[in-house]
Every structure is written in C-alpha cells, then in structure tokens.
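Peer 1: Structural data only, the sequence is not supplied:
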Ligand code: HEM
Ligand code: SF4
C-alpha cells in the first residue's frame, strides 16, 4: 500500500481546513451559491435529486482495512448506513449534509483519502486492474505507474481547467480488466522485443454520447517517460481541445477530428520538446521516488503453501453452495495455494454496488485477517480480497454468507453494472437500479445462470454512460420517451482488450418489457450456441446481431403491424 | 394559439441539509408539498420566491409542473419530480417517503409503483 508522506498529509489536511472555512462562509452568506458551487465540486460534492452526494476517490481501487472501516464509519455516522461503489473505483455517499462535509473530509484525510479531483474538468481518479499484484497473467503491477500518475496529476497547475474531464486507466495484464480502451488515456504494461518492460499508450477512448474506442498512439514507451508523454498528450489536448462545445470537448473528439497521425505528430513534437527543455528533468521521476513507490506495492510476504488443502477439499465435497461459490467467484492467483476472492455486491434484491456499513466492516475484517490487509474495488462494482490462502476459504465464505455477501454470480447474468439512474441522479432520463433488480430476480436460479455462462449486462440511466452500457454484452440505456421510461438495448459490446461497442437492436422497450426481452435474447443464444464453451459474446461475434434482432422484433409481427 | 399555461410550483434544495423544499403559499420555504404555492403565472411565483429567499437558504431553485388533485394537493407530473418528492424507488426506507411527518395523501401511496 502506498502511504502518504508528510507533504501529502499536510496538503490534504490543509485542503479540508480551507473547505471548512468555505462552508462556514457559504452558511454565513459571505459566499454566494455561484461562488461556492465550484468550490464544493472541487471537493467532490454534487447536489443530486434528494440531497448532496460526496464522491470519494479510491486510487486504483486499492484500500486497506483501516480505510474500509473508515468508509463504513462515515456511512453510519454521517450518511444513511450505506455507500455506493461506482464504475470509476469511487465510493459515493448519497445523503451527506453540507454542515457535516468538512468533518467527513477530515475523517477521510485521517486514513489518507480524499475527494479531490472527483469532479470537474481535471484529471480524475486514476483507475487500474482490480486484480493488480495478484493476477496470474500480469506482466507487472500497474499500481506504481498509477500512483506516479496520481502524484503528477494531483493539483497539477496546468491541468486544473481542461476543456473537459480526463480519465486515465492502467493495466499490467494481458487481459484488460481496466477498460483502458474506453479512457482518455489507457496505459498498458507490455514487454518489447528486447524483453524490456514499458507502456503501450492508448488515447481517445470514451463512452458517453459519442462512444469511441481508444487507439494506440505509442506501441512502446520506456517507463521513465510515462509522465513526460502523458504531459505532452495533455498539453496538446489542453491547447486544441474544443472549449466551444461541451459535447465535443473530450480528447476523443480532438483525436477524431485531427486524425491519429496528425495528433500523434503533435504529441511527439511536444514530447521531444519537453524532454529537451527546462520542464524535461522534472518529468523524469527521481529513481528514488520510483523506488519508494514500487516498494509500497511490493508483494506481501506470501506463505509457501501447497496448492491443495484437505479441509478445503472436504468442504468442497460436502457443501454444494460453497463449492459453487468457489467455482464462480475465485480467480487464479500468481502464488501457489492462494486465490483471488471476488465479493459480489449484486445480491438479488439489492442495488448493484451498494454496501452497508456492516458489510463494509465485515470485508475490512476479512481483509485484515486473511488478505494481507488489502481490499480492491472493481469497476464492475464488486469488492475483492486479492491475496487469500485457499485454506482460509471456508472461514471467509461463512463470514461473507453471514453478511449477505456470498452471492455466487461473478461474471454471470446477475453480475450487472448499473449507474444510480433516476433514483438518485439529477441528469438521469430513466431508472437503472430497478431494471437491474428485475433482471437479477428473473435469473435468480443459479443453475440457469451458470447454464447461460459469462454474461455482462450494463445499464445506464442516461446517455452519459456511467453504467458502461456501450460495452455490455447486453447494454441497456434508459431514456425518456414522451414522459415515460424507455430502454434501448444494444448487443455485442466488449469491455476487454478487444473493446467493441454494442450495436442497437431496434426501438426501445417499456420498463416492464425489458426482462422478457433479455429472456428472449438469452433463449436465442442458448438455441444457437455451438457448445457451452461458446459464450454469449462469442456467439454474437460469430452470428452477428440479426438472429437476436429477429427474436426481439419478429419479422412476421412487424409485417402484420404494417 | 399558445398552449394554456400549466400549474406549477417552485422547488429547491435546502442549503444546509440538501433535502427537497417547496415554496409555500405564505412565501416561506417548507417541506410540505401540500402547502406549496401553485400558480400558472411564473412571474408571480418568482416574485414570491424572491421574498422567501430571506427565510431559509436554498439552492437549485426550479419550477415544477404539477397537477391538482381533488383536495387541491399539487402532484408533480414528471417521474423525476415524483422521485425527487418521494425518494429512491428502490429504497422505500429512504427519503421523504420514509418521513412520517411528511404525511402522504391516499392517492400518493401508489406513488412510483415498481417498474
Ligand atoms: C452526480 C452523479 C453523476 C454525474 C453528474 C455524472 C456525470 C457524467 C457525465 C456528464 C458524463 C459524460 C461525460 C462525457 O461524455 O463527456 C459521465 C460519464 C461517465 N461517468 Fe458519470 N456521472 C455521475 C455518476 C457516476 C457514477 C455513479 C458512475 C459510476 C457508476 C460514473 C461513471 C462514469 C463513467 C464510467 C463515465 C463514462 C466514461 C467517460 O467519461 O467517457 N458516473 N458522467
Ligand atoms: S449515466 Fe446518466 S443517469 Fe447514470 S449516473 Fe451517469 S449521469 Fe446519472
């Protein structure tokens, strides 16, 4: 875990003190709302439908147990007993009071957390693979790079007022679990032909109303040039990004309008210039700093363990529910005898990503006891215990079960991403959470869910796409059609290294018709798949969307209607 | 021919607490929708709101289209405003719908029936 140094600590505490003063001045009337609003937004505080909302950054999705406990405490003391984990590895509190927010931010600062740059046209929380440092397919832990980017981008004076928000994601593995191609900058750790480790740099991806798949601007960037190259990209964007039109202001539009070659030439020129001139040296990080960061993410002292455990095997044989959970929620760890546990925040009947105070406390305790004090938050709105000895699985499962957290649905149809939608969000055009709940309920039979196999349903409550619907195997977009909620369905999105945007199947559905439509898509898939190894996505890639289109909009019926 | 103006009320969020407020007929911000001033005349409502600003600090002041029930209680028309008035539909235990002091009239009980 990275821990703050004296500078970080003072900086974050000072920010809280400044904000406390700003809140007092707002309440006394010395500051108008117009003056205050940008100040609260700079501290992650929005106003939603029912209340204020506080968005707290969880850098690269990593928490220790003390931080998780503090998040639970904040939910209990100042909010309504729960928090919402988001697709950007943030946690959002939906009910804080303005007067309490300085105290909340202070409590966060006590555990080295903050809400700085979680809003506004700046570089936002840097996200990363939630299996960082644990995954077997990893070349290198992406978090030191993410931490370096975080330090560089926090309070960077030149990039405080970009044309629009800016999001960076880092992955260190071949399988892209950080959706890097849907970010303004995606960083992928790669080996070059000489066997050196460096970065592939992807630029201009994004979702929202104009979804774009990011393109590779650099195949291999030496590690020491990470900040200089990102600075060059940001400089070109800051200078030429469109400030005249909010909808065209993201870097993806600039890259598309300029063309990749021209954009790249400008970046390379800026990059060369930066390295040569006075800014250069400061952008090549001091090796001692890099060393300190890398040390902070050094692997924990894993025990040497056999890959099997008798007690575990016995439990697997005797307890089918436990065996199913192990089969579905575990991912291979790089160390023998260890595993990665995904904790589903999608139990049937709950809002995806919500966790209660008690649940956060249980996860914190488990992390402390069984996972080298680490928890991860995934962009898929689940929690992860990254470093678990297999021998401890029964105890972990029992504790999770007691907290309502043992749902065995990771990567299955019930593991749905959903943004807050119209139940909370001031920008929403329709609700997301009730749709997610209805689908989870309909497919609650775990045997059926496992028959269907891997399935990513992603739901957004408006075109902003916070719920990643564009890259869902099945994407659902909630819209307002003449005052009524209406849901468009897209098919074939892929959030991995082969990022692909889903295609719209046809006219949208009323809320009550969404589940039947999903059921028809599932039945169509089950009917046409070659075997059970052909996942839903693979099947869509093989046959295209037509059979699914026909299932939702039967040709006969439309002929009759005509 | 221009459309007949629709009845509206004025809503905002409380500066300190963030919760939803309505502009009352007496020109005072209130949590009670039943006591909200309703008018088809935007300017009249704005004038009332200007007067009320001294009584309580509010943010995000906006006009909300309503229909009037038999008893004269205004009901927001759009789903967004219905949810804003009641609370998240997936959590009946949260928001204004969970506050016993904000008594709901009978016809509101059906509220935002689950999708
Ligand atoms: C106050 C609540 C929120 C507001 C006002 C908000 C606003 C927005 C807007 C305006 C965009 C579109 C940006 C663009 O296209 O330029 C966007 C995108 C996005 N938001 Fe949110 N959002 C909110 C909550 C959330 C939540 C809860 C999540 C996670 C569940 C989230 C994650 C994202 C992601 C992943 C994107 C798309 C990536 C991209 O920027 O291209 N947001 N949001
Ligand atoms: S997608 Fe739309 S409705 Fe959902 S959180 Fe984002 S802005 Fe709100």
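Peer 2: Cool, got the structure. Quick caveat: nothing in here was measured; it's all calculated off a predicted structure. Ligands and ions are numbered 1, 2, ... in the order given.
Peer 1: Can you tell me the closest non-neighbouring residue to residue A:383?
Peer 2: Spatial nearest neighbour of residue A:383, excluding adjacent residues (CB to CB, 6 or more residues apart in numbering or on different chains): residue A:343 at 4.3 Å. Bear in mind the C-beta positions are built from the backbone N, C-alpha and C, glycine included.
Peer 1: How many residues are close by the one you found?
Peer 2: 24 (other CB atoms under 10 Å in any protein chain shown).
Peer 1: pretty sure it contacts residue A:382?
Peer 2: Yes. Between residue A:343 and residue A:382 there is a contact at 6.1 Å, judged by CB atoms under 8 Å.
Peer 1: is the strand with the most length in chain B anywhere near ligand 1?
Peer 2: Determined from DSSP state E, the single longest strand within chain B is strand B:58-68. No. Strand B:58-68 lies apart from ligand 1 when judged by CB under 6 Å from any ligand atom; the minimum separation is 12.9 Å.
Peer 1: for that strand, which positions count as buried?
Peer 2: By 16 or more other CB atoms under 10 Å in any protein chain shown, the buried positions in strand B:58-68 come out as B:58-59, B:61, B:63-64, B:66.
Peer 1: Go through these and name the one nearest chain A.
Peer 2: Checking the buried residues of strand B:58-68 against chain A by CB to the nearest CB gives residue B:59 as the nearest, at 5.3 Å.
Peer 1: Next up, the contacts around that closest one.
Peer 2: Going by CB atoms under 8 Å, 6 or more residues apart in numbering or on different chains, residue B:59 touches A:33, A:47, B:12-15.
Peer 1: State the pair within those residues that is farthest apart.
Peer 2: Using CB to CB, the two most remote members of the contacts of residue B:59 are A:33 and B:14, lying 12.3 Å apart.
Peer 1: Between these two, tell me which one has more neighbours.
Peer 2: residue B:14 (19 against 15).
Peer 1: ok, for the more buried one, nearest residue in space, not its chain neighbours?
Peer 2: residue B:21 (5.4 Å).
Peer 1: Do I have it right that that neighbour meets residue B:29?
Peer 2: Yes. Between residue B:21 and residue B:29 there is a contact under CB under 8 Å: 4.6 Å.
Peer 1: what about residue A:306, neighbour count?
Peer 2: Using other CB under 10 Å, the number of residues around residue A:306 comes to 10.
Peer 1: Sorry, wrong one. I was asking about residue A:3.
Peer 2: Counted with other CB under 10 Å, residue A:3 comes out at 9.
Peer 1: what's it sitting at in phi/psi?
Peer 2: Per-residue torsions, residue A:3: phi -120, psi 150 (degrees, to the nearest 10).
Peer 1: Which residues are in contact with it?
Peer 2: Counted by CB under 8 Å, 6+ apart, residue A:3 has contacts A:112, A:296.
Peer 1: Also residue A:350?
Peer 2: Residue A:350 neighbours (CB under 8 Å, 6+ apart): residue A:437.
Peer 1: Tell me the residues on the stretch 301-450 of chain A that lie near ligand 2, please.
Peer 2: A:419-421, A:425, A:427-428.
Peer 1: Let's have those in JSON lines, adding secondary structure and distance to chain B.
Peer 2: As requested, these are exported to JSON lines (DSSP: H, G, I helix; E, B strand; the rest coil; distance: CB to the nearest CB, whole Å):
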{"residue": "A:419", "secondary structure": "coil", "distance to chain B": "13"}
{"residue": "A:420", "secondary structure": "coil", "distance to chain B": "8"}
{"residue": "A:421", "secondary structure": "helix", "distance to chain B": "9"}
{"residue": "A:425", "secondary structure": "coil", "distance to chain B": "10"}
{"residue": "A:427", "secondary structure": "coil", "distance to chain B": "10"}
{"residue": "A:428", "secondary structure": "coil", "distance to chain B": "7"}
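Peer 1: How about the residues of the stretch 201-350 of chain A by chain B?
Peer 2: Proximity of the stretch 201-350 of chain A to chain B, by CB under 8 Å from any CB of the partner chain, involves no residues.
Peer 1: Quick check, the residue in the stretch 201-350 of chain A closest to ligand 1?
Peer 2: residue A:208 (2.4 Å; CB to the nearest ligand atom).
Peer 1: Perfect, that will be all.
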